[in-house]
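**Q** Pasting a predicted model and its sequence here:
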Amino acid sequence: MAVKVVVTGGSGFIGSHVVDALVDAGADVTVVDHRVPPRRDDVGYEDADILDLSSMLVATQGAEHIFHLGAEANVDYAFKYPVYSTALNVMGTTNVLEAARINGAKRVHLASTVWVYNDSTGEGAADESVTFAMNGGGHIYTTTKMTCEMLCHNYRELYGLPTTVLRYGIPYGPRMREELLIPIFLKKALAGEPLTVAGEGQQYRNFVYVRDLADAHVLAMSELAENETYNLEGARKVTVLEVAENIRALVGDHVRIEFTPERAGDFAGKEISADKAIRELGWKRSVDFEEGLERTVEWFCGKWGHSQSVAPGLGTLHQPPQPLRDDRQGGRAR
């Protein structure tokens with residue numbers, strides 16, 4: 001019999017790819033998302049509010065594994081609406097944990113973030129043994145994720161509910177939110193606008209392709225991962241300038257890159273180790289950045305109605321963006 005799995009926020013960017021990976025692995029998947037149905041019709045769907053415990057009790061009944069991705073993940077929105085975002089992320093997580101406890105779920109898997117290492121100290125790359133710095137949240141969103149991790153530990157220690165924490169790096173790929181760096185640069189390139197890079201563009205992120213990230217969730221259902229925490233970080237540093245240059249290579253040499261004064265407070269980047277996930281779970285980051293970016297550009301061009309296909313370095317994409325055909329964001333599951 002297939003393992004029964006619930007994915008909160010399963011209609012959003014990362015969540016929909018997690019659903020794909022779980023279905024491909026043979027799981028019986030139900031998506032829990034508020035007013036946003038799944039992107040595929042071969043999974044169950046519960047239109048439930050994670051801020052309503054009674055709704056979560058019904059939505060998660062019979063689930064063996066619950067992947068909790070439902071949250072306010074837009075850091076700008078969290079900054080603008082701190083009370084709502086804190087309630088959704090923290091109380092939403094508490095309701096998911098309580099529903100799992102009452103319903104006897106085998107485990108809850110929390111989607112967290114490597115930004116919990118924001119103020120970490122020490123030599124070398126930060127790994128899962130690094131403790132939180134009390135003044136290191138740096139942002140409402142990050143602080144809510146730190147709190148949610150602590151709640152997972154509380155539910156494990158006080159109520160015996162097994163949990164697994166997955167700290168995401170910076171995901172990219174098809175279906176990603178359009179207010180993020182890669183879609184912003186792509187939309188500008190297609191519209192003939194310059195790509196603006198602050199300073200010398202050496203700020204970096206270890207981007208991780210979203211399907212590689214999703215595959216880690218399947219691996220995390222193993223008994224070995226029970227009550228463990230894993231960093232799911234990309235394989236190498238990718239600078240903002242490299243992102244711009246790769247998009248220019250895909251769209252055409254006519255795309256201009258303009259440098260602007262460096263912004264105060266820009267986060268340069270922090271090295272995070274994913275060795276534990278690789279070693280213990282056998283996780284593989286199989287899609288390199290160039291290939292993943294090409295797939296991402298192909299997907300957005302299809303979404304925006306571009307008839308021409310991507311040809312790396314040939315400059316085949318030069319039509320202005322068309323109205324969007326699919327504006328589902330999902331991921332709130334509230």
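**A** Structure's in. What do you need? Numbering: from 1, shown residues only.
**Q** in the stretch 151-300 of the chain, what spans have low per-residue confidence?
**A** 263-269 (pLDDT under 70).
**Q** need the helices for it, in chain order.
**A** 181-190, 210-219, 240-251, 275-276, 289-303 (DSSP state H, counting those that start in this stretch).
**Q** Show me what the fourth one is in contact with.
**A** Here helix 275-276 makes contact (Cβ atoms under 8 Å, 6 or more residues apart in numbering) with 127-128, 228, 230-231. To be clear about C-beta, it is placed using only N, CA and C from the backbone, and glycine gets the same treatment.
**Q** quick one: which of these has the most company?
**A** Asn231 (27 neighbours; other Cβ atoms under 10 Å).
**Q** so that residue sits right up against Ser129, yeah?
**A** No. Contact between Asn231 and Ser129 fails when scored by Cβ atoms under 8 Å: they sit 10.8 Å apart.
**Q** got the contact list for Gly26?
**A** 2-3.
**Q** what residue of this structure is the furthest out?
**A** Most distant from the centre of the chain: His254, at 31.9 Å, with distances by Cα atoms, centre = their mean.
**Q** phi, psi of that one?
**A** Dihedral pair for His254: phi -70, psi -10, per degrees, to the nearest 10.
**Q** quick one: the strands in this protein?
**A** 4-8, 28-32, 44-46, 65-68, 107-113, 163-168, 170-172, 195-198, 204-205, 207-209, 229-232, 238-239, 257-260 (DSSP state E).
**Q** CA atoms only for the first one - export them in CSV, please.
**A** Taking C-alpha atoms only, strand 4-8 is exported to CSV below (Å, rounded to 0.1, in the frame of the first residue of the first chain):
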residue,chain,number,x,y,z
LYS,A,4,-0.1,8.4,2.6
VAL,A,5,1.5,11.8,2.5
VAL,A,6,0.1,15.4,3.0
VAL,A,7,1.9,18.4,1.6
THR,A,8,0.7,21.8,3.0
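**Q** Ala100 is nearest to which of the helices of the stretch 151-300 of the chain?
**A** Of all the helices of the stretch 151-300 of the chain, helix 210-219 sits nearest to Ala100, with 16.1 Å by Cβ to Cβ.
**Q** right, and Asp47 touches Asp33 too?
**A** Yes. Assessed by Cβ under 8 Å, Asp47 is found in contact with Asp33 at 7.3 Å.
**Q** re earlier: quick check: which of the helices of the stretch 151-300 of the chain is buried the most?
**A** Ranked by mean neighbour count, the helices of the stretch 151-300 of the chain are led by helix 210-219 with a mean of 23 (mean count of other Cβ atoms under 10 Å).
**Q** Output the helices of the stretch 151-300 of the chain in JSON lines; the columns should cover distance to Gly122.
**A** Listed next are the helices of the stretch 151-300 of the chain as JSON lines, based on distance: least, Cβ to Cβ, whole Å:
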{"stretch": "helix 181-190", "distance to Gly122": "28"}
{"stretch": "helix 210-219", "distance to Gly122": "25"}
{"stretch": "helix 240-251", "distance to Gly122": "26"}
{"stretch": "helix 275-276", "distance to Gly122": "15"}
{"stretch": "helix 289-303", "distance to Gly122": "27"}
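**Q** Which one, of those, ends up nearest to Thr60?
**A** Closest among the helices of the stretch 151-300 of the chain, once you apply Cβ to Cβ, is helix 210-219, at 16.5 Å.
**Q** could you say what helices and strands that closest one packs with?
**A** Counting contacts by 3 or more Cβ pairs under 8 Å, 6 or more residues apart in numbering; DSSP states H and E, helix 210-219 packs against helix 13-24, strand 163-168, strand 170-172, strand 229-232.
**Q** what angle do the first one and strand 4-8 make?
**A** Okay, so that is helix 13-24. Between helix 13-24 and strand 4-8, the angle comes out at 170 degrees (axes from the mean of the first three to the mean of the last three Cα atoms, to 10 degrees).
**Q** Could you list every helix and strand that helix 13-24 packs against?
**A** strand 4-8, strand 28-32, strand 65-68, helix 210-219.
**Q** Can I get those in CSV including distance to Ala111?
**A** What follows is the helices and strands packed on helix 13-24, written out as CSV (distance: least, Cβ to Cβ, whole Å):
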stretch, distance to Ala111
strand 4-8, 9
strand 28-32, 13
strand 65-68, 6
helix 210-219, 9
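**Q** Can you tell me which of the helices of the stretch 151-300 of the chain is nearest to Pro37?
**A** Short answer: helix 289-303, nearest of the helices of the stretch 151-300 of the chain by Cβ to Cβ, at 17.8 Å.
**Q** Next, count neighbours for the residue nearest to Ala2 when sequence neighbours are not counted.
**A** With Cβ to Cβ, 6 or more residues apart in numbering as the criterion, Ala2 has its nearest non-adjacent residue at 4.1 Å, and that residue is Asp28. Asp28 is flanked by 17 other residues according to other Cβ under 10 Å.
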